[in-house]
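Trainee: just to be clear, the model below is a prediction. Sequence and coordinates:
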Amino acid sequence: MPFAFKNAGLLVGTIGTIIIAAICTHCVYVLVASAHELCVRSGKAKLTYADVAEQACLRGPPCCYKYHQVARKIVNVGIFTTYFTVCCLYVVVVALSIRQFVIYYYSSVDPRICIAVLFIPFLLLSYVPNLKYLTPVCIMANVFMGSALGITMYYLVTDLPSIDQAELVADVSTYPIFFCSTVFALQAIGCVMPLENNMKNPKRLITPFGVLNQAMVIITVLHILLGFLGYLRYGDTTEASIILNLPINHILARIAQLLIGFSVFGAFGIQFFICLQIAWDSIKHRYKDNPTLANYLLRTVMVALAVTVALLAPNIEALASLIGAFFFSITGIMIPIFIEMITFWEKGFGRYNWILVKSMFILIVGSLALILGTKDSIIAIIDLYQT
């Protein structure tokens, strides 16, 4: 988030983060609300994100009926691609955390070497049979991240410069990078339906003071604090990952870097299993003779591809912006709005068509992020190879 604030300024970054958080939260809300409505209509107790898209087409306007399979495939491909690229980014983050530690005790090392070395640890993590066995890893990852965040905040508030040392409003040309980086940080569309399906009382997820709103308020406040203080503390030298700004000669900073590395390593497992489930469900019917071997071969190929992508683009800001711009704009913002519109089309769009106006506004915002953010991210990746 400090890097996002660097591209927006303290004032625009704060206001922009609140607006983006509101949009992301609303998109999750309309997806879950649509799922509840479609569960009633279809008589099904639970629906995945892809199920919601399919059922919306089946039970929406007649013109959408013939596209129900296409809608399902678009969502599955979108979620898979989104979280697979997140896995690629996590490989880079872990590698850079380790590299910072290695540089202090030994010598400078190419980040690509660190990425390549991580293939085996990530492969072993991917071989965990199912998510149930990842629970201890996830708990430890959260503990590590909380500890690292505490250490990082200590460094951010130590010798904090005056607020006039940082820009309140950055150049407009960098706003797309801010938007996409912030969307990447705040969006969790792929996790919401599994969470909703496992709640004892799913309707509590989207009540005014429900789980979704409470969680997003806390997450938004934490991200604003981290972004504001991080950019204020380091100014124009703010790195894509705040751990790269911490003083490497301090033992506490080195501990924080390792903790973040271990935490992201654990988080990789969750994102990986989201992708694995989608990929395996689409091909398992072809491997009925030896499904276990095929499943583990798929895991191996996916980890190898994630590491390869990380080797090709070991740039955190470019990868995060590309994921936020292209993938999260589609799966996290635009698709939920389309689903809402076709799910509730029979009920109308409210007085003065305010729901339609709201939906069109969000779709325009998502489209601008998709086009401008993707362009800037691709240019950044190209520049990486030209310098």
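Mentor: Happy to help now that I have it. Residues are numbered from 1 along each chain as shown.
Trainee: measure the residue of the chain most remote from its centre to residue 119 for me?
Mentor: Distance from the C-alpha centroid of the chain, by C-alpha atoms, centre = their mean, peaks at residue 289 (35.9 Å). Separation of residue 289 from residue 119 (C-beta to C-beta, to the nearest Å) stands at 29 Å. C-beta: built from backbone N, CA, C; applies to glycine.
Trainee: cool, and residue 1?
Mentor: Relative to residue 119, and taking C-beta to C-beta, residue 1 is found at 29 Å.
Trainee: next: residue 327.
Mentor: As for residue 327, its distance to residue 119 is 23 Å (criterion: C-beta to C-beta).
Trainee: who has more neighbours out of the two?
Mentor: Neighbours were tallied for residue 327 and for residue 119 using other C-beta atoms under 10 Å; the higher tally belongs to residue 327 (26 against 18).
Trainee: what's the helix or strand containing residue 232 packed up against?
Mentor: Residue 232 is located in helix 211-234, with elements delineated by DSSP states H and E. Counting contacts by 3 or more C-beta pairs under 8 Å, 6 or more residues apart in numbering; DSSP states H and E, helix 211-234 packs against helix 2-6, helix 10-42, helix 135-157, helix 175-186.
Trainee: identify, out of the ones you listed, the most deeply packed stretch.
Mentor: When the helices and strands packed on helix 211-234 are scored by mean count of other C-beta atoms under 10 Å, the highest mean neighbour count falls to helix 2-6 (a mean of 28).
Trainee: can you list contacts of that one?
Mentor: 13, 17, 170, 177-178, 181-182, 185, 226-231, 233-236, 238-242, 245, 317 (C-beta atoms under 8 Å, 6 or more residues apart in numbering).
Trainee: just the buried residues from these, in PyMOL please.
Mentor: One line in PyMOL is enough to select the buried members of the contacts of helix 2-6, burial here meaning 16 or more other C-beta atoms under 10 Å:
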select buried, resi 13+17+170+177+178+181+182+185+226+227+228+229+230+231+233+234+238+239+240+241+242+245+317
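Trainee: and the gap between residue 300 and residue 54?
Mentor: Going from residue 300 to residue 54 by C-beta to C-beta gives 30 Å.
Trainee: I should have written residue 36 there, sorry.
Mentor: From residue 36 to residue 54 the distance is 16 Å (C-beta to C-beta).
Trainee: just send the helices and strands packed on helix 211-234 back as TSV, with distance to residue 260 and mean pLDDT too.
Mentor: Shown next, in TSV, are the helices and strands packed on helix 211-234 (distance: least, C-beta to C-beta, whole Å; pLDDT from 0 to 100):
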stretch	distance to residue 260	mean pLDDT
helix 2-6	14	78
helix 10-42	21	84
helix 135-157	5	81
helix 175-186	14	74
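Trainee: now residue 50: which helix or strand?
Mentor: Secondary structure (DSSP H and E) places residue 50 in helix 49-58.
Trainee: now the next helix or strand after that helix against helix 49-58, angle please.
Mentor: Later in the chain than helix 49-58, the nearest helix or strand by DSSP H and E is helix 68-105. On the basis of axes from the mean of the first three to the mean of the last three C-alpha atoms, to 10 degrees, helix 68-105 is oriented at 150 degrees to helix 49-58.
Trainee: and helix 68-105, what does it pack against?
Mentor: Secondary elements touching helix 68-105 (3+ C-beta pairs under 8 Å, 6+ apart): helix 49-58, helix 111-117, helix 189-197, helix 251-283, helix 291-312, helix 316-322, helix 335-343.
Trainee: looking at those helices, which is nearest to residue 218?
Mentor: helix 189-197 (15.5 Å; C-beta to C-beta).
Trainee: what's the mean pLDDT across that closest one?
Mentor: In this model, helix 189-197 carries a mean pLDDT of 65.
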